[in-house]
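A.B. asks: what would the 3D arrangement of this be:
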Amino acid sequence: MKRDLQYYAKKFANLRVDRARGVAPHKPILLLTIIDLLEKGKIHRNEIYLSPELTANFLKFWHRFVSSDHHSNIALPFFHLTGDKFWYLMPNPGFEATIQARVKLRSLSALRSAVKYAYVDPELFVLLQASQSRQELTTILIQAWFPEKESEIAESFKYDEFDFIQQSLFDSGGAIYNVEDLKDEDRIFVRNAAFRRNVVKLYDQRCAFCKVRVVSWDGVTIVDGAHIMPFSEFRDDRFVNGLALCKNHHWAFDHGWFGLDDSYRILIPWDRFMEEAAVESRGMMAFRGERIELPRDRAISFSRGPKDARVSG
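C.D. replies: Below you'll find the predicted structure:
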């Protein structure tokens, strides 16, 4: 059968969904999310990653369109869409047998460990790149699965949920969460990404320890956003609990190899490690007593003493 627009329109209207507790809306919501991100230019290749952007916008459509008591777990449709014969999973190295055996991966963390990205039929991806066919497939999804929400689709496509969350947190200086806020794995993933990206932005993509700044042409940086006090214990995503560190010094901070005092100076124990600095570079001990690089665009201060200035993630 020719895999044209009519073929995929029929596929989208007849998705294989769980009906044990009413029609499970996960698959059509995921497809709407992908169309939305394509419309916004957030997906450029036939590689669909379980990214914060995908997850946040999946939740956006879920809360606007779903009124049943189903749980909004993006891992379910991301995995089970393979059963509709136009969606495929690219395994991470070492997980080829897991994906081939169709071992069920029900959590976001398990799926992200096993799967690098998903991809669709080349014919479908070509169709999804064209505005007219995107609109037609969107109409099919709405009419087949959410007919009562047809008037809301245009409004839903107007904004990017992850950008909105990230900017809101940046403007407010971050947030402290309660236990109830953190029961949903999808929300935790989005929150964590927004915090880390905001911290990196605040530090101008520069490591606070060694001052290195390396950014690729597409905006990828070697600097991470880290928590000073463990998020698992304090649930503190304010910028005063954030620090931008390159990969090496993030790892060292996570393992307690250095800390900070109240004047933002680097504390390094003498007996924690031994090192040999590479030619023309400075070892960690050379930074002992120096002041870290602080954000330039916003006043920020640590509210805890040196014994507390340790990162746990």
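
A.B. asks: pretty sure residue 117 sits against residue 47.
C.D. replies: Yes: in this structure, residue 117 is within contact of residue 47 by Cβ atoms under 8 Å, at 4.4 Å. (Glycine included, C-beta is placed from N, CA and C.)

A.B. asks: what is in contact with those two at once?
C.D. replies: residue 90 (Cβ atoms under 8 Å, 6 or more residues apart in numbering).

A.B. asks: between those two, which one's more packed in?
C.D. replies: Using other Cβ atoms under 10 Å as the criterion, residue 117 and residue 47 rank with residue 117 on top: 17 against 13.

A.B. asks: which helix or strand lies directly C-terminal to the strand or helix carrying that one?
C.D. replies: Secondary structure assignment for residue 117, by DSSP states H and E: strand 115-120. Sequence-wise, the next helix or strand downstream of strand 115-120 (DSSP H and E) is helix 122-128.

A.B. asks: not counting residues beside it along the chain, what's closest to the residue positioned nearest the centre of the chain?
C.D. replies: In the chain, the centroid-proximal residue (Cα atoms, centre = their mean) is residue 52; its distance is 2.5 Å. Leaving out its chain neighbours, the residue that sits closest to residue 52 by Cβ to Cβ, 6 or more residues apart in numbering is residue 193, at 3.5 Å.

A.B. asks: the one you found is in contact with residue 49, isn't it?
C.D. replies: No: the pair residue 193 and residue 49 does not pass the contact test of Cβ under 8 Å, sitting 11.9 Å apart.

A.B. asks: which helix or which strand is home to residue 55?
C.D. replies: Per DSSP H and E, the secondary structure element for residue 55 is helix 52-65.

A.B. asks: relative to strand 115-120, how tilted is that helix?
C.D. replies: Here helix 52-65 points in a direction 60 degrees away from that of strand 115-120 (axes from the mean of the first three to the mean of the last three Cα atoms, to 10 degrees).

A.B. asks: what residues sit buried inside helix 52-65?
C.D. replies: 52-62, 64-65 (16 or more other Cβ atoms under 10 Å).

A.B. asks: only alpha carbons, please: show the strand holding residue 117 as PDB.
C.D. replies: Taking C-alpha atoms only, strand 115-120 is exported to PDB below (Å, rounded to 0.1, in the frame of the first residue of the first chain):
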ATOM      1  CA  VAL A 115      16.400   4.600  23.900                       C
ATOM      2  CA  LYS A 116      18.400   7.300  22.100                       C
ATOM      3  CA  TYR A 117      15.500   8.600  20.000                       C
ATOM      4  CA  ALA A 118      12.500   7.600  18.100                       C
ATOM      5  CA  TYR A 119      11.900   8.000  14.300                       C
ATOM      6  CA  VAL A 120       9.000   7.600  11.900                       C
END
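
A.B. asks: how far off centre is it?
C.D. replies: Relative to its chain's centre, strand 115-120 lies at 15 Å (Cα atoms, centre = their mean, to the nearest Å).

A.B. asks: what's that strand in contact with?
C.D. replies: 46-50, 78-79, 81, 86-92, 95, 99, 105, 125, 128.

A.B. asks: pLDDT wise, what is residue 100 at?
C.D. replies: Residue 100 is assigned 90 on the pLDDT scale.

A.B. asks: that older thread, next one: the residue nearest to residue 52 from residue 225, what distance?
C.D. replies: According to Cβ to Cβ, to the nearest Å, residue 193 stands 9 Å off from residue 225.

A.B. asks: so these two - more neighbours on which side?
C.D. replies: Taking neighbours as other Cβ under 10 Å, residue 193 and residue 225 compare with residue 225 leading, 23 against 19.

A.B. asks: okay, now residue 85: neighbour count?
C.D. replies: Neighbours of residue 85 using other Cβ under 10 Å come to 10.

A.B. asks: please disregard the earlier target; I meant residue 84.
C.D. replies: Residue 84: 17 surrounding residues under other Cβ under 10 Å.
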